[in-house]
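Asks: sequence first, then the predicted structure, then my questions.
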Amino acid sequence: MREGSLTSNSSKMDEEFGELLYKRFLKDYRWLIELARLHSFPLLVLDQVVKTIEKSPHMTSEKERISFGLIVDKPGLSLAPADIKVDPFHISKTSRLADLKNAVGGVHSCYLLDKLGMLTVVKVPDDCKKETAPQTVQEISTKSQTLAFHMDIDIARAYSNGNIVRTWRKGVWLESPHLPFDELAKEGYPEALLSKVVRLCVDMSELQKSTTLVVQKGDSIESCHPFREIQFNECEFDSIPRSQLIGYADMDGAVIITKKGWVLGIAQMLISHREIGNGFEGARHTSASRYSAEHECVIFVVSQDGPISIFRGGTLWARLFSELKP
Amino acid sequence: MVEREPSKTMSDQITLLVLLKALKDLGFETRRLKLEKLVYFANMLGRLLGEKITNQEFFVWKYGPFSKQLYADVEVLVARDFVKATELDTYEEADEKSFEYTITKAGLAAAEKALQDSEFKSKYDVILRSLQATGNLSAAQIKKLSYGELDFKDARAKGKTTVINPDFPHSVRMTNLAKEVADRDFGMKLSDEEASFLYLKLVEALSASE
């Protein structure tokens, strides 16, 4: 018998109920436990960071949402004090965070979190500064091999040693996508290209924009028709700036990319001849399912509400962020 | 009520001072009702982490776990000018005049001295961890949280004034259960601290339904 174990029915009920809850908690908090271990940082303090981020939409009014960068301290990390100076305060003091609004946004200054959960404001080193605050915080995390967070309007990210480990959206801590691309790689789809396409899908999902991206084996557009009277000069996927790619992907219709990494067309209507795959949630998904049944390709469909569906051979091959489905 | 030995009473008063210093270090405030619960949760976490924090007897009262001995210890600290009790205009739910407690310079000096002793340093470390979960809560929030704590719930089922088992058997049992579930279903070996964290999540969930 376990220490303190009782034999009453209520205790058995407690244990059955407790088991169910623990399974849920372990699913929800395993990542946090692992980060606490990896970065030798108190779990209860990290839990306060998570709670604060989860509370952030309620800290301020809709029009005054705040953003901030936060670096988790570690031995040997030395960051200079920022121009702005405040007495250290505990991470749970959301009113103090709200008082500072966007002054600790992550590009020029960040919060530094110590093991007691106290925040101070530090200067971002010049060699870590990037165009945007999330990129800057990620760079600090990479260069200093630390755990870091960036809270933005309606989205937050946790970075561990430079990698995005979780993204908080719509009240859910989403795991970064890890897809078994080796199977597709054996068929000739380069893993690097597929990863870049997934990254674009994640960007679109975070921007709450829908899109369809086709990665095909063939070198020419087949069975497609442009939605608008738009001509497109073929170009390399890697040569297109991210913001421009987002612009193309945002247009009605699909972006057609070859496995060699060339963008053949944008705003393409996918034409299929077989009436299969009606069980999917919308026109984009049905169209992707049917088209992938008739052509050698992998199709990525991003829904406006966030989930990413990947089709091949007429079936749903993988689905990411399904937790976001309302 | 079981009387404490004088040495334990003295130790509890010093520990209380250490807790008030930890609260000040983290920038948290406390009033009487909240202080009772802060000590209760520190004792619970201490039990789970293998560190006895205080010896005060807690029993079931209208607004959660309550200790008259803790009350008396605070009065002693106030009388010795280690703690300042500020009477506030607002009332707590217990319908008593509300007092805010802050540690004085003399109290801080005494706490610092106590922390040179490994016994109180170990307690201070556990208290700091406990305050991460409880320090920022209002009196109403921590009272609600205490309703979800299993040893309090067990005692409450037996009626008001029931003494809460200071060995926290249900908390220990459920913390061990967290370790078992993690190992069996997730292949994770949890430390005492990690299992306590999950037990605190369980308490939060149970308190939400109170």
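Replies: Looks like it came in fine. A quick note: this is a predicted structure, and the numbers were derived from the prediction, not measured. Residues are numbered from 1 along each chain as shown, chains lettered A, B, ... in the order given.

Asks: what does chain B have sitting close to chain A?
Replies: With C-beta under 8 Å from any C-beta of the partner chain as the criterion, chain B meets chain A at residues B:25-28, B:128-129, B:132-133, B:135-136, B:150, B:167-174, B:176-178, B:181-182, B:185-186, B:188, B:190, B:193-194, B:197-198, B:200-202, B:205. Placement of C-beta: from N, CA and C, glycine included.

Asks: show the buried residues in those.
Replies: Buried subset of the residues of chain B next to chain A (neighbour count, 16 or more other C-beta atoms under 10 Å in any protein chain shown): B:25-28, B:128-129, B:132-133, B:135-136, B:150, B:168-174, B:176-178, B:181-182, B:188, B:190, B:193-194, B:197-198, B:200-202.

Asks: closest point of chain B to chain A, which residue?
Replies: Chain B approaches chain A most closely through residue B:169 (3.1 Å), counting by C-beta to the nearest C-beta.

Asks: just confirm that residue contacts residue B:176, I think it does.
Replies: No: the criterion here is C-beta atoms under 8 Å, and residue B:169 misses it with residue B:176 at 10.6 Å.

Asks: mind telling me what element the residue lying closest to residue A:53 once chain neighbours are set aside is part of?
Replies: Leaving out its chain neighbours, the residue that sits closest to residue A:53 by C-beta to C-beta, 6 or more residues apart in numbering or on different chains is residue A:156, at 4.7 Å. In the assignment (DSSP states H and E), residue A:156 maps to strand A:155-160.

Asks: which helices and strands does that strand pack with?
Replies: With contacts taken as 3 or more C-beta pairs under 8 Å, 6 or more residues apart in numbering or on different chains; DSSP states H and E, strand A:155-160 sits against helix A:9-38, helix A:133-144, strand A:147-152, strand A:163-169.

Asks: same question for stretch A:71-90, mean pLDDT?
Replies: With pLDDT averaged residue by residue, stretch A:71-90 scores 93.

Asks: could you list the buried residues of it?
Replies: Neighbour count says stretch A:71-90 has A:71-73, A:79, A:82, A:88-90 buried, by 16+ other C-beta under 10 Å.

Asks: save those residues as a markdown table, and put in secondary structure too.
Replies: Listed next are the buried residues of stretch A:71-90 as a markdown table, based on DSSP: H, G, I helix; E, B strand; the rest coil:
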| residue | secondary structure |
| --- | --- |
| A:71 | strand |
| A:72 | strand |
| A:73 | coil |
| A:79 | coil |
| A:82 | coil |
| A:88 | coil |
| A:89 | strand |
| A:90 | strand |
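
Asks: turn those residues into TSV, including distance to residue A:105.
Replies: Listed next are these as TSV, based on distance: C-beta to C-beta, whole Å:
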residue	distance to residue A:105
A:71	13
A:72	18
A:73	19
A:79	16
A:82	11
A:88	19
A:89	17
A:90	20
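
Asks: which of those come close to chain B?
Replies: For chain B, the contacts drawn from these by C-beta under 8 Å from any C-beta are A:88-90.

Asks: of all those residues, which comes closest to residue A:15?
Replies: Residue A:15 has its nearest neighbour among these in residue A:90, at 34.8 Å by C-beta to C-beta.

Asks: so who does whatever residue of the stretch 101-250 of chain A ends up closest to chain B touch?
Replies: For the stretch 101-250 of chain A, the residue closest to chain B is residue A:117, as judged by C-beta to the nearest C-beta, at 5.7 Å. Shown in contact with residue A:117 (C-beta atoms under 8 Å, 6 or more residues apart in numbering or on different chains): A:42, A:45, A:48, A:90-92, B:26, B:132.

Asks: distance of it from residue B:46?
Replies: Relative to residue B:46, residue A:117 is positioned 19 Å away (C-beta to C-beta, to the nearest Å).

Asks: can you give me the buried ones in the one helix or strand residue B:25 maps to?
Replies: Using DSSP H and E, the element containing residue B:25 is helix B:6-26. For helix B:6-26, burial by neighbour count (16+ other C-beta under 10 Å) applies to B:9, B:11-26.

Asks: just the C-alphas of the lowest-mean-pLDDT helix or strand in chain B, formatted as PDB.
Replies: In chain B, no helix or strand scores lower on mean pLDDT, DSSP states H and E than strand B:83-91, which sits at a mean of 83. Once non-C-alpha atoms are left out, strand B:83-91 reads as follows in PDB (Å, rounded to 0.1, in the frame of the first residue of the first chain):
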ATOM      1  CA  VAL B  83       6.300  42.700  12.300                       C
ATOM      2  CA  LYS B  84       4.100  45.700  11.800                       C
ATOM      3  CA  ALA B  85       0.300  45.100  11.800                       C
ATOM      4  CA  THR B  86      -1.500  47.900  10.000                       C
ATOM      5  CA  GLU B  87      -5.200  48.000  10.700                       C
ATOM      6  CA  LEU B  88      -7.100  48.600   7.500                       C
ATOM      7  CA  ASP B  89     -10.500  50.200   6.900                       C
ATOM      8  CA  THR B  90     -11.600  47.300   4.800                       C
ATOM      9  CA  TYR B  91     -12.900  44.100   6.300                       C
END
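
Asks: related to what we said a few turns ago, so of the contacts of residue A:117, which ones are in strands?
Replies: Applying DSSP state E to the contacts of residue A:117, the entries found in strands are residue A:90.

Asks: could you tell me which ranges of the chain sit under the pLDDT cut-off?
Replies: No chain was given, so I picked chain A. A:1-10, A:12-13, A:59-64, A:275-280, A:326 (pLDDT under 70).

Asks: nope, chain B
Replies: Along chain B, segments meeting pLDDT under 70 span B:90-97.

Asks: secondary structure class for the most centrally placed residue in it?
Replies: Per C-alpha atoms, centre = their mean, the C-alpha nearest to the average position across chain B is that of residue B:39, at 2.1 Å. Under three-state DSSP, residue B:39 falls in the helix class.

Asks: measure it to residue B:141 for me?
Replies: 16 Å.

Asks: adjacent strands (with direction) for the lengthiest strand in chain A?
Replies: Criterion DSSP E: the longest strand present in chain A is strand A:262-270. The pairing partners recorded for strand A:262-270 under DSSP bridges are strand A:224-226 (antiparallel), strand A:235-236 (antiparallel), strand A:254-258 (antiparallel).

Asks: so who does the residue nearest to residue A:140 when sequence neighbours are not counted touch?
Replies: Once flanking residues are discounted, residue A:140 sits nearest to residue A:128: 4.7 Å by C-beta to C-beta, 6+ apart. Residues in contact with residue A:128 (C-beta under 8 Å, 6+ apart) are A:136, A:139-140, A:143.

Asks: got the phi and psi for residue 128?
Replies: All of this refers to chain A. When read as degrees, to the nearest 10, the backbone of residue A:128 gives phi -110, psi -10.
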